[in-house]
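1. Give the three-dimensional model of this entry:
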Amino acid sequence: MTALSQRKIRERVEELGDWFHNMDLNGVPTAPNHFLHDYPRNKFSRFEHALPKDLTGKSVLDIGCNAGFYAIEMKRRGADRVLGLDTDERYLAQAKLAAEVLGAEVEFLNLSVFDVASLRERFDVVLFMGVLYHLRHPLLALDLIYESVARNLLVLQTMQRGSDETFGVAADYDFFQQDHFDEPGYPKLHFIEHEYAGDWTNWWAPNAACTQAMLRSAGFEILEQPEAETYVCRRGVRPKDAGAVYPARPGERRDD
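-> From the prediction side, this is the model:
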């Protein structure tokens, strides 16, 4: 494949509109004026140590890949197979351009988290970055990841609001006992009816306790919280027999 000139890269970057991932495409920054500065590299730098440096022989699924920053980083770590999913065709076009310019062999598909069972494949590492709070059914998404595609590690990043405390929730409460609901560290998922930060897709803002409780409820064991909104988890045993997802019938899913 003939390498694109810097001028051609710049033209194609501009043709694809605003970028949310600021990436260096052979000297061409995709979002140099990003309101979060060098995002998402600045965020990745705070938790990259928690991921395996060598992913040789491993597979990675990036759900909500946007312009492909994390997917490409996983390929740089030697992952054999990297698949990025998004439902925005412009983001997918950006991701494909970034992968082409950077010489990263990454596959991209137009699928949402609610479609992951159709992949019929499990992945060693699942990235779920900046997606949960944009979903109307966030716990269902975690259930589907657990049931369908997660083999080992899940890395979750979500916007959190409210208290960073965690309250020691009892296994059960009497029906008339209500005080614990008012504890700042009790798991709370704040619903956003209209808009937040000018974005109508910001539907939910969990507090820290809620994010952690949702992960455990879906069957994930939290291994590390390298920064406030990011969790590195391992697929464990679901605390209840089934969540919002019915167990698949024999032959409906391939478990590797």
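
2. which helix of the protein spans the most residues?
-> The longest helix of the chain (DSSP state H) is helix 89-102.

3. For the residue nearest the centre of the chain, grab phi and psi.
-> By Cα atoms, centre = their mean, the chain has its centre lying nearest to F128, at 1.3 Å. F128 adopts backbone torsions of phi -140, psi 80, taken as degrees, to the nearest 10.

4. can you tell me which residues contact it?
-> 63-64, 113, 141, 145, 154-157 (Cβ atoms under 8 Å, 6 or more residues apart in numbering). (C-beta placed from N, C-alpha, C; glycine too.)

5. ok, now with 6 Å
-> Contacts of F128 were listed using Cβ atoms under 6 Å, 6 or more residues apart in numbering, and they are 63, 156.

6. so where's the stretch 101-250 of the chain shaky on pLDDT?
-> 242-250 (pLDDT under 70).

7. Would you map the strands across it?
-> 107-110, 123-129, 150-157, 189-191, 204-206, 220-227, 230-235 (DSSP state E, counting those that start in this stretch).

8. now for those, which one comes closest to H21?
-> strand 123-129 (10.6 Å; Cβ to Cβ).

9. Let's see that closest one as CSV, backbone CA atoms only.
-> Only the C-alpha atoms of strand 123-129 are listed here, as CSV (Å, rounded to 0.1, in the frame of the first residue of the first chain):
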residue,chain,number,x,y,z
PHE,A,123,-12.2,-12.1,23.7
ASP,A,124,-9.4,-12.0,26.1
VAL,A,125,-9.7,-8.3,26.7
VAL,A,126,-12.9,-6.2,26.3
LEU,A,127,-12.6,-2.4,26.4
PHE,A,128,-15.8,-0.6,27.2
MET,A,129,-14.7,3.0,27.4
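
10. With that, I have no additional questions.
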